[in-house]
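**Student:** coords below, sequence missing:
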């Protein structure tokens with residue numbers, strides 16, 4: 001969950017829109033309650049202010065005793081402590097020996113020469129617990145080959161970080177970043193593994209590793225001078241090469257490009273106080289990146305550390321039309337501060353650019369009287385998108401009779417029938433529901449269509465239900481699944497009091513069918529019809 005929005009991720013190769021079957025299955029398990037909640041036993045989280053007060057009032061001798069115990073337990077912390085005590089870059093340079101250009105050439109060579117042409121594995125298609133096609137197995141092998149290349153370097157990076165040697169860690173990171181660009185696209189390979197987008201796939205893996213490196217850096221002790229040196233190093237490489245909003249822009253030549261967005265989490269892991277935040281901000285200004293979209297979230301992060309509301313507002317406003325997360329942040333800020341005009345202005349941008357992401361938010365937060373036009377657009381969009389009868393009942397109050405008819409008719413399709421009937425019921429258009437039921441006797445959702453009019457047209461409904469079940473009973477390939485389908489509409493017969501006798505007689509006829517149908521009898525008993 002991120003700001004109330006649900007995100008799914010699966011590492012399978014499905015990429016045809018929507019979410020894959022694995023995410024669907026996972027979601028259904030959760031909805032069905034098939035999960036466990038485990039309560040953590042961690043102690044109460046101490047607030048930063050509470051810690052500051054206790055730390056300030058603790059004697060130096062006691063602090064040193066605590067520090068010594070921590071260092072005695074962890075050799076990596078000992079290495080970090082040694083690095084922390086070194087004041088000058090000269091001392092650091094004596095132990096830092098990784099060469100960015102050498103690493104760049106190494107990884108570019110390795111990634112350019114991976115052989116994906118002859119992957120004929122012996123494999124078990126059920127090895128993952130479900131059926132997998134051959135191309136899925138091959139994709140996993142190819143992905144593993146790529147990750148093996150990266151893991152070699154990332155392992156060294158992690159080792160450097162654990163010992164407090166951030167400069168070498170970042171040198172290797174920059175080397176693999178530069179070396180992963182301008183790879184030869186794959187021409188002749190048997191499985192079309194990367195759909196002709198080898199560079200983009202490599203860039204995706206690379207970003208994952210940079211984020212992993214950022215998490216490692218977040219967990220170690222850092223001092224300001226070293227962070228400044230790391231920032232110096234990154235911008236030194238940016239100056240050597242080029243900066244871009246989009247590393248895959250069509251007119252890009254074979255130069256190395258730096259997309260500042262790729263380093264967002266890395267900068268957030270490094271910059272933890274006002275001193276380093278100001279230092280990074282100065283670099284962003286020097287490199288004219290204050291209006292670079294890729295730097296937008298880095299600038300917001302800096303603004304929050306510095307408590308610089310002007311920088312935050314300017315950045316968010318500048319990129320609001322490009323980034324729905326920034327738009328959402330602005331809306332929430334203007335709403336909380338009662339800045340109505342600004343809220344309404346950004347609301348229009350939000351709906352125009354991302355109607356499906358913001359319609360419900362606007363419905364719940366707009367002044368529906370003063371912003372009626374936008375409110376109705378959002379409301380209509382949400383009803384169309386979600387088929388939510390609760391919100392249709394709100395929408396209908398704003399529509400004329402002709403507009404209601406036109407709106408409802410838009411859903412007169414087989415895949416919208418459930419919602420179509422719900423709206424007809426709200427409008428008390430029962431005759432139209434009956435006509436819909438007559439036209440859709442064969443539908444699996446017939447029971448939903450006919451339910452609202454059972455006791456408005458009891459005779460017609462009884463006859464339609466009987467007709468449907470007679471047809472199912474005489475259908476070819478009849479099996480237990482057909483009998484279970486029959487139960488959906490047969491149970492509705494019991495809800496028609498005026499046809500009680502006829503219903504009982506019809507149930508007995510089905511139960512005593514000749515030849516005997518044991519599976520049908522079983523389903524009728526389970527449904528409580530007999």
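**Tutor:** All right, it came through fine. Computed from a predicted model, the values in this text were never measured in an experiment.
**Student:** where exactly do the strands run in this structure?
**Tutor:** 242-243, 257-258 (DSSP state E).
**Student:** Of those, which shows the lowest average pLDDT?
**Tutor:** Confidence, taken as mean pLDDT, is least for strand 242-243 of those (a mean of 78).
**Student:** picking that back up, right, so the strands of the chain: which one is the most enclosed?
**Tutor:** strand 257-258 (a mean of 22; mean count of other Cβ atoms under 10 Å). Where you see a C-beta, it was placed from the backbone N, CA and C, and this is true even at glycine.
**Student:** now that strand, how far from the centre of its chain.
**Tutor:** Between the centre of strand 257-258 and the centre of its chain there are 26 Å (Cα atoms, centre = their mean, to the nearest Å).
**Student:** That strand packs against which elements?
**Tutor:** strand 242-243 (3 or more Cβ pairs under 8 Å, 6 or more residues apart in numbering; DSSP states H and E).
**Student:** So in that sheet, which strands flank the strand it packs on, and in what orientation?
**Tutor:** Within its sheet, strand 242-243 is paired with strand 257-258 (parallel), according to DSSP bridges.
**Student:** that older thread, of the strands of the chain, which is nearest residue 214?
**Tutor:** strand 257-258 (16.1 Å; Cβ to Cβ).
**Student:** For this protein, give me the ranges with low pLDDT.
**Tutor:** In the predicted model of the chain, residues 1-4, 39-46, 48, 73-77, 80, 83-97, 118-132, 187-192, 195-196, 244-253 satisfy pLDDT under 70.
**Student:** Grab the most central residue of the chain for me.
**Tutor:** residue 7 (2.5 Å; Cα atoms, centre = their mean).
**Student:** how close does that one get to residue 237?
**Tutor:** 32 Å (Cβ to Cβ, to the nearest Å).
**Student:** cool, and residue 283?
**Tutor:** Counting by Cβ to Cβ, the gap from residue 283 to residue 237 is 12 Å.
**Student:** before we move on, back to that, can I get the strands of the chain in CSV with distance to residue 103?
**Tutor:** Listed next are these as CSV, based on distance: least, Cβ to Cβ, whole Å:
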stretch, distance to residue 103
strand 242-243, 19
strand 257-258, 16
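**Student:** What residue spans form the domains of this structure?
**Tutor:** Domain segmentation of the chain under automatic domain parsing yields 1-32, 71-270, 429-526.
**Student:** would you turn the ones you listed into JSON lines with distance to residue 365?
**Tutor:** Listed next are the domains of the chain as JSON lines, based on distance: least, Cβ to Cβ, whole Å:
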{"stretch": "domain 1-32", "distance to residue 365": "12"}
{"stretch": "domain 71-270", "distance to residue 365": "28"}
{"stretch": "domain 429-526", "distance to residue 365": "33"}
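**Student:** of those, which approaches residue 326 most closely?
**Tutor:** Here domain 1-32 is closest among the domains of the chain (Cβ to Cβ), at 11.8 Å.
**Student:** What residues sit buried inside the closest one?
**Tutor:** Buried residues in domain 1-32, counted by 16 or more other Cβ atoms under 10 Å: 20, 23.
**Student:** on that earlier part again, to residue 329, which of the domains of the chain lies closest?
**Tutor:** Checking these against residue 329 by Cβ to Cβ gives domain 1-32 as the closest, at 8.6 Å.
**Student:** May I see the buried residues of the lengthiest helix in the chain?
**Tutor:** In the chain, taking DSSP state H as the definition, the longest helix is helix 134-162. Buried residues in helix 134-162, defined by neighbour count with 16+ other Cβ under 10 Å: 136-143, 146, 149-150, 153-154, 157-158, 160-162.
**Student:** by contact count, what packs against it?
**Tutor:** Judged by 3+ Cβ pairs under 8 Å, 6+ apart, helix 134-162 is in contact with helix 75-85, helix 100-112, helix 166-179, helix 198-218.
**Student:** Give me the buried positions along the second one.
**Tutor:** Along helix 100-112, the positions that meet the burial threshold by neighbour count (16+ other Cβ under 10 Å) are 100, 103, 104, 106, 107, 108, 110, 111.
**Student:** Ok, the last one next?
**Tutor:** Of the residues in helix 198-218, those buried by neighbour count under the rule 16+ other Cβ under 10 Å are 198-199, 201-203, 205-207, 209-210, 213-214, 216-217.
**Student:** Just the residues contacting that helix, thanks.
**Tutor:** 111, 143, 146-147, 150, 154, 157-158, 161-162, 166, 169, 173, 176-177, 180-186, 194, 247-248, 262-263, 265-266, 268-270 (Cβ atoms under 8 Å, 6 or more residues apart in numbering).
**Student:** ok, now the second one?
**Tutor:** Judged by Cβ under 8 Å, 6+ apart, the contacts made with helix 100-112 from elsewhere in the structure are 146, 149-150, 153, 171-172, 174-176, 178-184, 202, 237.
**Student:** Please spell out the ChimeraX selection for the buried subset of those.
**Tutor:** In ChimeraX, this line selects whichever of the contacts of helix 100-112 come out buried by 16+ other Cβ under 10 Å:
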select :146,149,150,153,171,172,174,175,176,178,179,180,181,183,202,237
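**Student:** Can you pull the phi and psi angles for the residue nearest to the centre of the chain?
**Tutor:** The phi/psi pair for residue 7 (degrees, to the nearest 10) reads phi -120, psi 140.
**Student:** The one 4 residues further on too?
**Tutor:** With angles defined as degrees, to the nearest 10, residue 11 shows backbone torsions of phi -90, psi 10.
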